[in-house]
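# Sequence and predicted structure are below.
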Amino acid sequence: MLPARFQEEASGLLHDPEPRRCPACEGFSKPFRLIQRYRYDRCGACGLAFLDREPEGFSTAAIYGDAYFFGGGAGYPDYLREGRILTARGRSYARIVGRFARPGRLLDVGAAAGFIMCGFADEGWSGVGVEPNHTMAAHARSIGLDVRDGAIEAFGTDERFDLVTMIQALAHVRDLSAALARAATLTRPNGLLFCEVMDGGSLLARLLGAQWHGFSPPSVLRIFTPRALDDAVRPYGFGRVTAGRPVKWISARHAKSLLDARAAEGRVSRAAALAARLLPDRLALPYPGRDLLWALYRKRD
């Protein structure tokens, strides 16, 4: 609950009469949730929730600096210790893609330290990653991967790829339209786009409301629904092939960090954070939320 001195301000923000255009479907939005004095609007047509304005002083490199990967809270307590779990996740996703395409050249957007790329490599893929955090990109290069510093919106290469992966990336890119346009340009005709996002329309998101961990400004700029994701990629030539819910694992260390970051926001979050403290850090837990969505798209020729 907001402190009393913010109640009047919050009331005004949540009743702003000015409609805003949805960046996914061009529908109209209205104020939806106020989280840590950031406001998410939600589209009445596709359900996309997005920050009503870019956070002051926003910089992709700063938001996803080393504190995000090593500082805990809404980020990671130590991303480099998540390698085993993330590599297995990459292998799992590569097997899904393998039902529809042979291994080829991959572009991984938001590659971080390269662990998911390693999983794809285990299944026969090779390629390039792009990552705004220099420390993460440098680690990926240290283990033999071609991961380049930068953001997808400005990523330059003459190569075209058989598959572009955007795993937990679309919520964070600064310019959604520019990011998807660049991804489309870099995808070969009949190539594939694989996305993973948090699902703001999931049962867990609806039950927890403002306490749902998907609402995490300023790093989470937008939260998709299945329809919003389809609507966002369609103008760039992508049609859905298949979609599903991932079987995902998360380390207890990471889970405790996420829960601790939300513990002050309500009784449910506080109780979950206290219970999680009993778990050993190295334990791998099945992610129970059913609030994640993956989708595979093909670029029309």
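In hand now; what should we look at? Here the structure is a predicted model, which means the values were calculated and not measured.
# Which stretches in this structure count as strands?
20-21, 28-35, 38-43, 49-51, 105-109, 126-131, 146-149, 161-167, 187-198, 222-223, 238-244, 249-251, 284-286, 292-299 (DSSP state E).
# what's the first one packed up against?
Counting by 3 or more CB pairs under 8 Å, 6 or more residues apart in numbering; DSSP states H and E, the packing neighbours recorded for strand 20-21 are strand 28-35. Every C-beta, even on glycine, is put in place using the N, C-alpha and C of the backbone.
# and the strand it packs on, what other elements does it pack with?
Using 3+ CB pairs under 8 Å, 6+ apart: strand 28-35 touches helix 4-13, strand 20-21, strand 38-43, strand 49-51.
# Worst mean pLDDT among these?
With a mean of 44, helix 4-13 has the lowest mean pLDDT of the helices and strands packed on strand 28-35.
# In the protein, where's the longest helix?
helix 83-97 (DSSP state H).
# count of residues packed around Val247?
The tally of other residues near Val247 (other CB atoms under 10 Å) stands at 10.
# Please apply the same query to Leu203.
Residues near Leu203, counting by other CB under 10 Å, number 11.
# Same check on Leu80?
Based on other CB under 10 Å, the number of other residues close to Leu80 is 14.
# you'd agree it is up against Ala113?
Yes - using CB atoms under 8 Å, Leu80 makes contact with Ala113 at a distance of 6.0 Å.
# which neighbours do these two share?
When contacts are counted by CB atoms under 8 Å, 6 or more residues apart in numbering, Leu80 and Ala113 have His139 as shared neighbours.
# From Tyr40, how far out is the closest residue to Phe50 other than its chain neighbours?
In this structure, Phe50 finds its nearest non-sequential neighbour in Arg222, 4.0 Å apart by CB to CB, 6 or more residues apart in numbering. Taking CB to CB, to the nearest Å as the measure, Arg222 falls 8 Å from Tyr40.
# try Leu107
On the measure of CB to CB, Leu107 and Tyr40 end up 29 Å apart.
# These two - which one has more neighbours?
Leu107 (27 against 24).
# Go ahead and confirm that one touches Leu163.
Yes - under the criterion of CB under 8 Å, Leu107 makes contact with Leu163 at 7.3 Å.
# Identify the contacts common to those two.
With CB under 8 Å, 6+ apart, Leu107 and Leu163 have common neighbours Gly127.
# right, and the strands of the chain - which one's nearest Ile96?
Minimum separation from Ile96 across the strands of the chain (CB to CB) falls at strand 292-299, 6.8 Å.
# With just CA atoms, put stretch 106-118 into CSV.
Output of stretch 106-118 as CSV, limited to C-alpha atoms (Å, rounded to 0.1, in the frame of the first residue of the first chain):
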residue,chain,number,x,y,z
LEU,A,106,21.0,-17.8,-34.4
LEU,A,107,20.8,-14.3,-33.2
ASP,A,108,20.1,-14.1,-29.4
VAL,A,109,18.8,-10.7,-28.3
GLY,A,110,19.6,-9.9,-24.7
ALA,A,111,22.1,-12.8,-24.6
ALA,A,112,23.5,-11.8,-21.1
ALA,A,113,26.4,-14.2,-20.3
GLY,A,114,25.6,-16.6,-23.1
PHE,A,115,24.1,-19.5,-21.1
ILE,A,116,21.0,-19.9,-23.2
MET,A,117,23.1,-19.6,-26.4
CYS,A,118,25.2,-22.5,-24.9
